[in-house]
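# Pasting a predicted model and its sequence here:
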Amino acid sequence: MTLIELVRGDITRESVDAIVNAANSSLLGGGGVDGAIHRRGGPAILEECRGLRASRYGKGLATGKAVATTAGDLDARWVIHTVGPVFSATEDRSGLLASCYRESLRIADELGARTVAFPAISTGVYRYPMQDAARIAVDAVRAAKTDVEEVRFVLFDERAYEAFAARLR
Ligand code: AR6
């Protein structure tokens, strides 16, 4: 059984084995939580991401997939980068969003991570509606077969926190 916790705050301040990053397929950084993780984690993360682009992900990391790097100066051992879907009003991309959570936990299992912090993937720049994203996130983690003992959703604002809390109840 995986314990699910909710906290309001900045994911870059969390002490966990792995922090999940809402990245983009370039793996080379961006705004939002991605920018915050690279800023606080320092250049070692970007350096490893560049290496991954050069070796395994020449075309970028596909939507719904995940890959790990060092966490640099963050209080974690790894950052797991995953690429959420851009929200579409005409196409159901919930499966891709669920895949981000599932794949991140699979990578966490490979690493031996027992505590993992997630942001609300795709709910910022990628515009996924918060209530839908919260339902997909909570349900995906609940359904996952994983050795991760604790999943912490780290929600940046009250609206995100309330949406996740409502789904968890
Ligand atoms: N801690 C926790 N949550 C945060 C933080 C933080 N420090 N900063 C923002 N959030 P976003 P996306 C919340 O835009 O929608 C980037 O440019 C934010 O309020 O970071 O998946 C990437 O490079 C929102 O609820 O990610 C991609 O190009 C949630 O994190 C693109 O944005 C996700 O917002 C990915 O877009």
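Sure, I can see it.
# So which residues of the chain form strands?
For the chain, applying DSSP state E gives strands covering 3-8, 18-23, 66-70, 78-83, 115-118, 150-155.
# List of residues touching the shortest one?
Right, the one you point to is strand 115-118. 11, 14, 16-20, 76, 80, 101, 104-105, 108, 137, 141, 148-154 (C-beta atoms under 8 Å, 6 or more residues apart in numbering). C-beta coordinates here come from the backbone N, C-alpha and C atoms, glycine included.
# and with 7 Å instead?
11, 14, 16-20, 101, 105, 108, 137, 148-154 (C-beta atoms under 7 Å, 6 or more residues apart in numbering).
# Likewise for stretch 79-91?
18-25, 27, 37, 41, 45, 61-69, 71, 93, 96-97, 100, 103-104, 107-108, 121-122, 126-129.
# circling back: please check the contacts of strand 115-118 and keep the buried ones.
Neighbour-count burial (16 or more other C-beta atoms under 10 Å) applied to the contacts of strand 115-118 gives 11, 14, 16-20, 101, 105, 108, 137, 148, 151-154.
# Now for Ser25, how many residues are close by?
When counting by other C-beta atoms under 10 Å, one arrives at 15 neighbours for Ser25.
# what sits against the nearest residue to it once chain neighbours are set aside?
Once flanking residues are discounted, Ser25 sits nearest to Gly60: 3.5 Å by C-beta to C-beta, 6 or more residues apart in numbering. For Gly60, the contact set (C-beta under 7 Å, 6+ apart) comprises 25-27.
# okay, those residues in TSV with distance to the ligand and pLDDT next?
Listed next are the contacts of Gly60 as TSV, based on distance: C-beta to the nearest ligand atom, whole Å; pLDDT from 0 to 100:
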residue	distance to the ligand	pLDDT
Ser25	9	98
Ser26	8	98
Leu27	9	98
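# nearest to Glu162, of those?
Using C-beta to C-beta, Ser25 comes nearest to Glu162 of these, at 30.2 Å.
# Test my guess that the closest one contacts Leu61.
Yes: applying C-beta atoms under 7 Å, one finds Ser25 in contact with Leu61, separated by 5.1 Å.
# need the contact list for Gly42.
For Gly42, the contact set (C-beta under 7 Å, 6+ apart) comprises 72-73.
# now Arg135
Arg167.
# hang on, the earlier thing: could you list which of the contacts of strand 115-118 also contact the ligand?
Among these, proximity to the ligand is found for 11, 154 (C-beta under 6 Å from any ligand atom).
# All set now, cheers.
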